[in-house]
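Trainee: Could you work out the structure for the sequence below:
(chains A and B, ligands or ions: 1)
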Amino acid sequence: MDKPTRQRPLMYGLSTCGWCRKARTWLEERFGEGGFDLIYVDLLPTEEKIKVMAELRKYTPSPAFPMVLADNECIIGYREDEYRRVFGA
Amino acid sequence: MTIDPERVRKTYEQLKADAEAGGYHLNPDEAWTLGLVEGLLINEDRYGYWACPCRLASGNKDEDLDIICPCDYRDPDLHDWGACYCALYVSDEVLEGKRPLQSVPERRPAQCPKAGPRPEPAGGIRLWRCRVCGYLCAREHPPGVCPVCKAKRERFEPFVLPPSALPGP
Ligand code: SF4
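Mentor: As a prediction, this is how the structure comes out:
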């Protein structure tokens, strides 16, 4: 599996999912609204969706949402403990 | 996309009544649950069925059958984690505060095995089994709606009770 390399955290989520809403709120509180990138995969056109899912499979065999990518880190599911470890509280 | 709050509220009330009647419980955090019900209605408008709000639907109903709410994974997740994957449904223990609500790992296989008729053993009694809640019935055809969990007819699979499971003469 590859490791993501990025400066800004990037969250992949679903616009209808409760855990994704919680993850978004956590990241907003930590980084501010413009401090991270957010992609709602369910809102993408089909072709883009397929591309994004292929991209996510580079980091994990079974992508699930929310999925937060940061430098060398890929956090799957709403994991406050992991967010704190990676981003500091 | 947002849904008329009136429609969300009505659906929520109906779902809650159905859940309680079947021995299930919706998450008592009303804001959370209303958010998920809105997600279900968004998916109803988008795909034509209640695709799970916390999973990426393909838009192809046959491929998504196992994740139409209530999904095939709800009951095992309620048992193991006290909540379904989305935490729309919670167990008695979570409802009563005896167990904390935590996020639930995905149990749906990454490569979904094609749902379809399974090979049937010969002989025995033919039943229909609800893939969502395990309800069994011995009718010619599956019911239109599962009387326990309200899953629709297409979620039933043939189930054969082997002769060895039957009481002897
Ligand atoms: S029962 Fe299954 S489909 Fe319905 S909200 Fe829960 S996890 Fe999603």
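Trainee: give the contact list for residue 64.
Mentor: In the absence of a named chain, this looks at chain A. Applying CB atoms under 8 Å, 6 or more residues apart in numbering or on different chains, we find residue A:64 in contact with A:76, A:77, B:55, B:106. For glycine as for every other residue, the C-beta is placed from the backbone atoms N, C-alpha and C.
Trainee: sorry, should have said chain B
Mentor: B:47, B:49, B:51, B:57, B:58.
Trainee: ok so, going back, name the nearest of the contacts of residue A:64 relative to residue B:143.
Mentor: Relative to residue B:143, the closest of the contacts of residue A:64 is residue B:55; by CB to CB it sits at 26.1 Å.
Trainee: which one of the contacts of residue B:64 is nearest residue A:43?
Mentor: residue B:57 (12.4 Å).
Trainee: Report the contact partners of residue B:1.
Mentor: A:15, B:42, B:45, B:46.
Trainee: Report pLDDT for residue B:117.
Mentor: You'll see residue B:117 listed with a pLDDT of 55.
Trainee: What residues sit buried inside the lengthiest helix in chain A?
Mentor: For chain A, the helix with the greatest residue count under DSSP state H is helix A:18-31. Across helix A:18-31, burial judged by 16 or more other CB atoms under 10 Å in any protein chain shown covers A:18, A:19, A:20, A:21, A:22, A:23, A:24, A:26, A:27.
Trainee: what's that helix packed up against?
Mentor: For helix A:18-31, the packing partners by 3 or more CB pairs under 8 Å, 6 or more residues apart in numbering or on different chains; DSSP states H and E come out as strand A:10-13, strand A:37-40, helix A:80-87, helix B:30-47.
Trainee: Please identify the deepest-packed of those.
Mentor: Burial of these is given as mean neighbour count (mean count of other CB atoms under 10 Å in any protein chain shown); strand A:10-13 ranks first at a mean of 21.
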